[in-house]
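Colleague: Sequence unavailable; structure follows:
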């Protein structure tokens, strides 16, 4: 399971790669991964417009789709200043 984006703009190239390790699932115990605490750190400076921002949004959408009930998520963003947008918050299942 993975996601990779290549972003090119104004003479610079960025690559974001998110890969989840493959783990064997024991069908008898129906094993699941342990809950995680995840903090997303987002650059909200003026340079993050256009395709860079679109890449961040797609990445966050993918990450959110992989979270389970019991996981916790936090968001920190920065430009000149750092801001905690929300502290670790329990995730709930979406229907």
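Modeller: Done, it's in. Everything quoted here is computed from the prediction, not taken from an experiment.

Colleague: hey, where'd the strands end up in this protein?
Modeller: Counting by DSSP state E, the chain has strands at residues 2-9, 12-19, 37-43, 72-78, 82-90.

Colleague: rank those by pLDDT, which is bottom?
Modeller: Here the strands of the chain differ in mean pLDDT, and the lowest is strand 2-9 at a mean of 62.

Colleague: buried stuff in stretch 80-93?
Modeller: By 16 or more other CB atoms under 10 Å, the buried positions in stretch 80-93 come out as residue 91. Where C-beta positions appear, they are placed from N, C-alpha and C, glycine not excepted.

Colleague: Residues in contact with that stretch: which ones?
Modeller: 37, 39, 45, 67-77 (CB atoms under 8 Å, 6 or more residues apart in numbering).

Colleague: Output these as JSON lines; include the columns distance to residue 84.
Modeller: Shown next, in JSON lines, are these (distance: CB to CB, whole Å):
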{"residue": "37", "distance to residue 84": "14"}
{"residue": "39", "distance to residue 84": "9"}
{"residue": "45", "distance to residue 84": "17"}
{"residue": "67", "distance to residue 84": "19"}
{"residue": "68", "distance to residue 84": "23"}
{"residue": "69", "distance to residue 84": "23"}
{"residue": "70", "distance to residue 84": "22"}
{"residue": "71", "distance to residue 84": "18"}
{"residue": "72", "distance to residue 84": "14"}
{"residue": "73", "distance to residue 84": "12"}
{"residue": "74", "distance to residue 84": "7"}
{"residue": "75", "distance to residue 84": "8"}
{"residue": "76", "distance to residue 84": "5"}
{"residue": "77", "distance to residue 84": "8"}
